[in-house]
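Trainee: the following comprises the amino acid sequence and a computationally predicted model.
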Amino acid sequence: TNVNLSLSPATRSISGTFTNAITGGVLPGVQVRLESATGLFALGYSDDQGLFNVPVTAGFWSPELEQSALSALGYVTPQQLSGIDTSGGSVADLVAAFQPAKALFYGNFRDGSSNGIAGLAFSARNQSQTLSGVGLTDATGYYTVGVIADTWNIGPDNRALTQRGILASSTNATIADGQAVRIYFTSRTVTAHLTGQVFDNF
């Protein structure tokens with residue numbers, strides 16, 4: 001299949017700094033993805049000083065951060081960031097401050113035979129749906145997810161479960177700063193499927 005891609009020349013830029021919300025320290029190597037209201041997207045990374053500069057066009061842009069990088073650095077990720085309007089020109093000196101994780105969920109994910117399942121994505125979302133953290137099981141099925149004090153819904157990623165043909169449920173847990181809470185998960189193998197057809201009201 002041949003696909004022709006149309007690229008738009010950048011006429012503006014969005015730049016700023018990623019920082020630690022408590023210490024003011026910088027966050028290097030974090031990817032930021034910007035998507036415009038017209039369907040364009042642009043990609044950038046913070047440098048070793050936490051600075052990023054992404055070329056864009058005029059319009060309204062919605063930012064999205066790479067959760068896995070922030071989690072690896074020990075931070076929780078906001079579920080939604082404010083949009084950026086470049087209609088009037090480039091936007092500079094933005095400061096995005098992220099909260100460092102102060103607590104930890106950990107445990108393992110096993111199948112019905114108590115074998116660890118490797119490479120399975122895990123996520124945690126707080127009760128108000130404003131923050132999230134992500135993790136990945138290691139070769140023996142163990143995971144860690146950094147969070148802050150709150151009540152969280154934590155569990156394996158549903159899409160990853162579907163791809164592997166297994167079932168598991170997430171769970172709610174309350175945690176305080178400085179705590180490490182252990183949660184084990186066990187999967188069930190899909191043994192049947194529901195099939196059907198979806199109709200609209202006409």
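Mentor: Cool, the structure landed. Residues are numbered from 1 along each chain as shown.
Trainee: contacts for whichever strand or helix holds residue 13?
Mentor: Remark: residue 13 resides in strand 12-20, with elements defined by DSSP states H and E. If you take Cβ atoms under 8 Å, 6 or more residues apart in numbering as the criterion, strand 12-20 is touched by 25-27, 30, 34, 46, 49-58, 61, 75, 84, 86, 89-98, 100. All C-beta spots, glycine's among them, are computed from the backbone N, C-alpha and C.
Trainee: isn't residue 153 right up against residue 175?
Mentor: No - Residue 153 is beyond contact range of residue 175, at 11.9 Å (criterion: Cβ atoms under 8 Å).
Trainee: neighbour count: these two, which is higher?
Mentor: residue 175 (21 against 15; other Cβ atoms under 10 Å).
Trainee: distance check, the closest residue to the more buried one other than its chain neighbours against residue 126.
Mentor: Spatial nearest neighbour of residue 175, excluding adjacent residues (Cβ to Cβ, 6 or more residues apart in numbering): residue 103 at 4.7 Å. According to Cβ to Cβ, to the nearest Å, residue 103 and residue 126 sit 11 Å apart.
Trainee: repeat for residue 180
Mentor: 17 Å.
Trainee: which one's more surrounded, these two?
Mentor: Ranked by neighbour count (other Cβ under 10 Å), residue 180 and residue 126 place residue 126 first, with 19 against 10.
Trainee: residues in contact with the nearest residue to the more buried one once chain neighbours are set aside?
Mentor: Ranked by Cβ to Cβ, 6+ apart and with sequence neighbours excluded, the top spatial neighbour of residue 126 is residue 150, at 4.4 Å. For residue 150, the contact set (Cβ under 8 Å, 6+ apart) comprises 126, 127, 128, 131, 174, 175.
Trainee: could you dump those residues to a markdown table with secondary structure, pLDDT and distance to residue 21?
Mentor: A markdown table is the format used below for these (DSSP: H, G, I helix; E, B strand; the rest coil; pLDDT from 0 to 100; distance: Cβ to Cβ, whole Å):
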| residue | secondary structure | pLDDT | distance to residue 21 |
| --- | --- | --- | --- |
| 126 | strand | 94 | 15 |
| 127 | coil | 92 | 20 |
| 128 | coil | 91 | 17 |
| 131 | strand | 93 | 11 |
| 174 | strand | 97 | 22 |
| 175 | strand | 97 | 19 |
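Trainee: closest one to residue 196 out of these, please.
Mentor: residue 127 (33.6 Å; Cβ to Cβ).
Trainee: residue 151 is in contact with the closest one, correct?
Mentor: Yes - Residue 127 lies in contact with residue 151 (Cβ under 8 Å); the separation is 4.4 Å.
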